[in-house]
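Enquirer: only geometry, no sequence info:
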């Protein structure tokens, strides 16, 4: 009898669900976000365009916010790439060429309520890492590591936009 009761309760729980929705974790006071192209304070060209595009896609896919122009949006997410560093993780014994490389991209960003001028979120020295293997058999290019780091940064930046619990 107790087993049937426990199974019925579990079944009801499964049918009802927990009511989780990704929209519930984002602040509903805001509806739109402007995302100007990130500033690039490094000599690495075009990285700011890739990061901005990745952030916009993450916002559109994972949040209830609509990306809008600055003159229309109620918030703005702006930032700058402050540092890009490469380092060798390993090298081949024959010839000493790099076998695996790591690329670290560092950004500063802030999310601002354009109606009040208040900073909603701000991060300095926010980093993400991408790895790539430039030698054969993988023969990956620098762009592989850059892409991985940019995608991780975009995911992490958008994750900071969740509401405080």
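Expert: Done, it's in. Remember, predicted model here, so these are calculated numbers, not experimental data. Numbers count the residues shown, from 1 in each chain.

Enquirer: CA atoms for contacts and neighbours, from now on please.
Expert: Fine.

Enquirer: residue ranges of the helices in the chain, please?
Expert: Assigned by DSSP state H, the helices in the chain fall at 2-16, 47-62, 142-159.

Enquirer: which residues does the residue lying closest to residue 30 once chain neighbours are set aside contact?
Expert: Counting by C-alpha to C-alpha, 6 or more residues apart in numbering, the nearest residue to residue 30 once its immediate chain neighbours are dropped is residue 74, at 6.6 Å. Residues near residue 74 by C-alpha atoms under 8 Å, 6 or more residues apart in numbering: 30, 31, 32, 33, 34, 113, 114, 115.

Enquirer: Can you tell me how far residue 74 is from residue 102?
Expert: With distances taken as C-alpha to C-alpha, to the nearest Å, residue 74 is found 37 Å from residue 102.

Enquirer: Likewise for residue 158?
Expert: Residue 158 is 23 Å from residue 102, where distance means C-alpha to C-alpha.

Enquirer: From residue 74, how far out is residue 120?
Expert: For residue 120, the distance to residue 74 - C-alpha to C-alpha - is 12 Å.

Enquirer: circling back: may I ask which of the contacts of residue 74 has the most neighbours?
Expert: The residue in these with the most neighbours, by other C-alpha atoms under 10 Å, is residue 33 (25 neighbours).

Enquirer: That one and residue 73 touch, don't they?
Expert: Yes: using C-alpha atoms under 8 Å, residue 33 is in contact with residue 73, at 5.4 Å.
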